[in-house]
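Q: The following comprises the amino acid sequence and a computationally predicted model.
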Amino acid sequence: MTMLHDDLIYEILSVVSEIPEGRVASYGQIARLIGRDNNARLVGKVLSMAEYYGRYPCHRVVNSAGRLAPSFSSQRKLLEKEGVVFKKNGCVDMKIFQWNEGMT
DNA sequence: CCATTGACGAAGT
DNA sequence: TACTTCGCCAATG
């Protein structure tokens, strides 16, 4: 495990822990927040193993289209419990539920 | 060092 | 709206 990788995990999880209940963030959004604009895929990679590092609201991370992560069957239920509504195609309506980190 | 992979994203069809 | 193509880049083999 490289040092860079460890920093990456810390920064990503740090941002994830700030996502409020009932809102979602995209992988690209998180990548930008940690200064890695073109590296959304790496964020997904880290989150796929996030459970190993502790408890974080990683269910609040979806892709830019609002699509849920594969092999995370409980994700939809967890989001619905927080009031997130899904579109007919199974995606989160990003227009409504995407976290706007500029607002406090 | 080269090739492949990925919980991605934007643009094109 | 849904599917495809291509760019992206650290990590892995």
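A: Looks like it came in fine.

Q: All the helices of chain A, residue numbers only.
A: A:3-16, A:27-33, A:40-47, A:75-81, A:94-97 (DSSP state H).

Q: Tell me the buried residues in the fourth one?
A: Just to be clear, that refers to helix A:75-81. For helix A:75-81, burial by neighbour count (16 or more other Cβ atoms under 10 Å) applies to A:75, A:79. C-beta here means a position set from N, CA and C on the backbone, and glycine is covered the same way.

Q: One more: the third one?
A: Buried residues in helix A:40-47, counted by 16+ other Cβ under 10 Å: A:40, A:42-44, A:46-47.

Q: Rebuild those as a markdown table, extending it with distance to A:W99.
A: Formatted as a markdown table, the buried residues of helix A:40-47 follow (distance: Cβ to Cβ, whole Å):
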| residue | distance to A:W99 |
| --- | --- |
| A:A40 | 15 |
| A:L42 | 20 |
| A:V43 | 14 |
| A:G44 | 17 |
| A:V46 | 18 |
| A:L47 | 15 |
